[in-house]
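J.: after the sequence you'll find the predicted model.
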Amino acid sequence: MSDYILITGDFAIFDANSFSGLTFIPPPPPFVLSGNGKMKINGQVICVEGDEGNVQIPCGYNTQSCPQPGAGVLTIESLNSNQKAQKNKSGGKSVLLKGSQFNAKFTVNSPAMNPQAATPDPLAAQGYKGQGEFNTNNIKVKGS
């Protein structure tokens with residue numbers, strides 16, 4: 001199945017509602033991708049496998065039981081199979097495609113707290129999982 005190739009300037013957008021049990025303060029902004037491929041589309045370098053590892057968004061958060069905010073980092077945990085081209089490669093790496101949703105992770109660096117009981121967020125150590133998607137400006141060139 002083919003889909004649009006991701007390029008520098010495209011966005012990784014995290015679905016804040018998919019992270020069950022927490023609220024981001026403020027909601028996470030889109031992350032602007034930077035590609036490291038060997039080709040260009042519309043004058044922009046294409047994104048290849050590994051570029052998703054550069055996505056890191058520092059965020060504040062809290063939970064219903066721990067209203068005093070904590071902090072952590074949003075990252076892409078893994079891509080779905082339809083987000084990595086099987087045929088198209090650049091510099092020996094698979095080209096990244098818009099695809100469906102990627103798997104995301106929020107890693108807690110400083111846990112939210114319950115000031116009443118002076119206890120930290122009990123789920124902080126394991127982190128939180130959610131999803132996100134790519135938004136591309138490339139509407140001309142597809143990969144597969």
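T.: Alright, I've got the coordinates.

J.: now do the contacts for Pro115.
T.: Pro67, Gln68 (Cβ atoms under 8 Å, 6 or more residues apart in numbering). Just so you know, the C-beta spots here come from the backbone N, C-alpha and C atoms, and that holds for glycine as well.

J.: distance of it relative to Ser78?
T.: Going from Pro115 to Ser78 by Cβ to Cβ, to the nearest Å gives 35 Å.

J.: next: Ala118.
T.: Ala118 sits 36 Å away from Ser78, taking Cβ to Cβ as the criterion.

J.: more neighbours: which of the two?
T.: Ranked by neighbour count (other Cβ atoms under 10 Å), Ala118 and Ser78 place Ser78 first, with 11 against 8.

J.: that one reaches Phe102, doesn't it?
T.: Yes: using Cβ atoms under 8 Å, Ser78 is in contact with Phe102, at 6.8 Å.

J.: for the chain, which spans come out with low pLDDT?
T.: For the chain, not a single residue meets the criterion pLDDT under 70.

J.: okay, which residue is most central for it?
T.: By Cα atoms, centre = their mean, the chain has its centre lying nearest to Ile76, at 3.9 Å.

J.: which non-adjacent residue is nearest that residue?
T.: Glu52 (4.5 Å; Cβ to Cβ, 6 or more residues apart in numbering).

J.: and the one you found, its phi and psi?
T.: Backbone torsions for Glu52, taken as degrees, to the nearest 10, come to phi -60, psi -20.

J.: can you tell me how far it is from Ser34?
T.: With Cβ to Cβ as the criterion, Glu52 and Ser34 are 11 Å apart.

J.: Phe19 now?
T.: To Ser34, Phe19 is 24 Å away according to Cβ to Cβ.

J.: show me which of those two is the more surrounded one.
T.: Phe19 (23 against 15).

J.: partner residues bridging the closest residue in space to that one that isn't next to it in sequence?
T.: In this structure, Phe19 finds its nearest non-sequential neighbour in Gly130, 3.8 Å apart by Cβ to Cβ, 6+ apart. In this entry, Gly130 is beta-bridged to Ala104, by DSSP bridges.

J.: how many neighbouring residues does Gly130 have?
T.: 21.

J.: hang on, the earlier thing: for the residue nearest to the centre of the chain, pull up the helix or strand it's in.
T.: Following DSSP states H and E, one finds Ile76 within strand 70-78.

J.: all set now, cheers.
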